[in-house]
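**Q** show me how the following folds:
(chains A and B)
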Protein chains: 2
Amino acid sequence: MQKAKGVLVILSGPSGSGKDTVISELKKRNVDIRQSISATTRPPREGEKDGVDYYFIDVPTFEQKIREGYFLEYVRYGSNYYGTPREAVEKLVNDGISVLLKIEVEGAGNIRNVFPDVVSVFLIPPSLDVLAKRLRGRGTETEESFCSRFAIASHELCRASEYDYVVINDDLDDCVKEVCSILDAEKFRYSCMKPIVDEILKQTTTE
Amino acid sequence: MQKAKGVLVILSGPSGSGKDTVISELKKRNVDIRQSISATTRPPREGEKDGVDYYFIDVPTFEQKIREGYFLEYVRYGSNYYGTPREAVEKLVNDGISVLLKIEVEGAGNIRNVFPDVVSVFLIPPSLDVLAKRLRGRGTETEESFCSRFAIASHELCRASEYDYVVINDDLDDCVKEVCSILDAEKFRYSCMKPIVDEILKQTTTE
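**A** The predicted model follows:
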């Protein structure tokens, strides 16, 4: 019997929408979805293993791989690159395993271009006041840096229409259940079910 | 607080895929979705009430309404018309209530044209043998009529790619849960969440 394909889901949303909290909660609940292993040019920290925590590669190799289209998406923070290898994600999805990627709002559009079957979920705070409180809650910022981050985050909220789904992160439990319902449903998309449908259509019957 | 819009879901699939069984099971489980009231030109049976069981209208009125674009879709069985009034469905959806329509495979395409946000679910049997058994199980048919219905149903299976979702009706309980996960998830589509997102964006903050 053929298996359904997995789903590639990107979870995005402005800073302060709670992407990391939601992902860590999905892990706690043993939700049947894999996070892909990223590649990075930053040196391994103590205890980190190549191919487990990250694929550690050097800058020239990373830049060569960018040119070769090796990454579904990549970003540069300071002097370090971080990227999502496309082949690893494609293999998991073809093997019927769903993959979750946390993506900054800027990077989400690129993935849609190279992986049209991606399912995109936009996480938003219930109000701008809550967004402001969450950003302040991090506590380590000057007023100036807060204002700049708040302005970027509020502006990013306008990008909701570019996503398939919008989930409000007010009550964390509700929010995680809603994300789970999306992960459950998307397994039955035609694009995932196609191998099974094709197998049924190829059957001969005893009739 | 603005409410999310409801979803219009069409459940379709070949004869023998189990559409009626699934819908009756959704009702038993009090799933939060409404079936819309159809219009028909057939006379009311005993106990049937206009505006409750059907909207009963005469043939010239029905044909006039077809020309006016009053129906999301309609079919003619023998000398009787059956149709889904568009306005009633639109009102429910705008009021945040999700609506389920059972549609024959032929009619599904029309709805997509006039209601692009429709969510379409295609129900299929787990194999052609099971499909044949189910059609035979109805028991009231000649061999010739069985062959013709089996041919039409197998042919309709090829239309799966026109639908958003494909659900296999093998174990009824699994199948109903899968349809429910789709109904749950689709409430978070951007098109449904738009009123809420717009309200958050219109806020002024105390910041």
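**Q** mind listing what A:Val99 touches?
**A** A:Gly6, A:Val7, A:Leu8, A:Val9, A:Ile33, A:Arg34, A:Gln35, A:Ser36, A:Val89, A:Leu92, A:Val93 (C-beta atoms under 8 Å, 6 or more residues apart in numbering or on different chains). C-beta: built from backbone N, CA, C; applies to glycine.
**Q** Validate this expectation: the last one resides in a strand.
**A** No: applying DSSP: H, G, I helix; E, B strand; the rest coil, one finds A:Val93 to be helix, outside a strand.
**Q** mind listing what it touches?
**A** Going by C-beta under 8 Å, 6+ apart, A:Val93 touches A:Lys5, A:Gly6, A:Val7, A:Leu8, A:Val99.
**Q** for the residue nearest to it when sequence neighbours are not counted, grab phi and psi.
**A** Sequence neighbours aside, A:Gly6 is the residue nearest to A:Val93 in space, at 4.3 Å (criterion: C-beta to C-beta, 6 or more residues apart in numbering or on different chains). A:Gly6 has phi and psi values of phi -80, psi 180 when expressed as degrees, to the nearest 10.
**Q** can you read off the pLDDT for A:Gly6?
**A** pLDDT for A:Gly6: 93.
**Q** returning to what we had before: sitting in helices, which of the contacts of A:Val99 do you find?
**A** Applying DSSP state H to these, the entries found in helices are A:Val89, A:Leu92, A:Val93.
**Q** hang on, the second one packs against A:Ile33?
**A** What it means is A:Leu92. No: using C-beta atoms under 8 Å, A:Leu92 is not in contact with A:Ile33; the gap is 9.9 Å.
**Q** now do the shared contacts for the two.
**A** Common neighbours of A:Leu92 and A:Ile33 (criterion: C-beta under 8 Å, 6+ apart): A:Ser98, A:Val99.
**Q** ok, A:Leu101 to chain B distance?
**A** 18 Å (C-beta to the nearest C-beta, to the nearest Å).
**Q** actually A:Leu201, not the one I typed
**A** 6 Å.
**Q** give me the secondary structure label for A:Tyr82.
**A** strand.
**Q** please list all residues in contact with it.
**A** So A:Tyr82 contacts A:Ser38, A:Ala39, A:Thr40, A:Arg42, A:Tyr74, A:Val75, A:Arg76 (C-beta under 8 Å, 6+ apart).
**Q** so what's the last one bridging to?
**A** Under DSSP bridges, the beta-bridge partners of A:Arg76 are A:Tyr81.
**Q** please state the backbone phi and psi of the residue nearest to A:Pro195 when sequence neighbours are not counted?
**A** In this structure, A:Pro195 finds its nearest non-sequential neighbour in A:Gln2, 4.0 Å apart by C-beta to C-beta, 6+ apart. The phi/psi pair for A:Gln2 (degrees, to the nearest 10) reads phi -70, psi 150.
**Q** distance check, A:Gln2 against A:Glu186.
**A** 18 Å (C-beta to C-beta, to the nearest Å).
**Q** so between those two, which is more surrounded?
**A** It is A:Glu186, of A:Gln2 and A:Glu186, that has more neighbours when counted by other C-beta atoms under 10 Å in any protein chain shown, with 24 against 14.
**Q** where does chain A come near chain B, residue by residue?
**A** With C-beta under 8 Å from any C-beta of the partner chain as the criterion, chain A comes near chain B at residues A:121-122, A:124-129, A:132, A:150, A:157-158, A:160-161, A:163-168, A:178, A:181-182, A:184-186, A:188-190, A:193-194, A:196-197, A:200-201, A:203-207.
**Q** leaving out sequence neighbours, find the closest residue to A:Ile196.
**A** A:Gln2 (5.2 Å).
**Q** who are the packing partners of the lowest-mean-pLDDT helix or strand in chain A?
**A** Every helix and strand in chain A was compared by mean pLDDT, DSSP states H and E; the lowest is helix A:105-114, with a mean of 81. Here helix A:105-114 touches strand A:8-12, strand A:71-77, strand A:119-124, going by 3 or more C-beta pairs under 8 Å, 6 or more residues apart in numbering or on different chains; DSSP states H and E.
**Q** got the buried residues for that helix?
**A** A:Val105, A:Gly107, A:Ala108, A:Asn110, A:Ile111, A:Arg112 (16 or more other C-beta atoms under 10 Å in any protein chain shown).
**Q** contact partners of that helix?
**A** Contacts for helix A:105-114 (C-beta under 8 Å, 6+ apart): A:8, A:10, A:12-14, A:69, A:72-75, A:86, A:101, A:103, A:118, A:120, A:156, A:159, A:162-163.
**Q** now do 10 Å
**A** A:8, A:10-15, A:17, A:69, A:71-75, A:82-84, A:86, A:89, A:101, A:103, A:118, A:120-122, A:152-153, A:155-160, A:162-164 (C-beta atoms under 10 Å, 6 or more residues apart in numbering or on different chains).
**Q** run the chain-centre distance for that helix.
**A** A distance of 10 Å separates the centroid of the chain from that of helix A:105-114, by C-alpha atoms, centre = their mean, to the nearest Å.
**Q** kindly report the same for stretch A:102-109.
**A** 8 Å.
**Q** stretch A:110-129 now?
**A** Counting by C-alpha atoms, centre = their mean, stretch A:110-129 comes out at 8 Å from the chain centroid.
**Q** buried residues in it?
**A** A:110-112, A:115, A:118-125, A:127-128.
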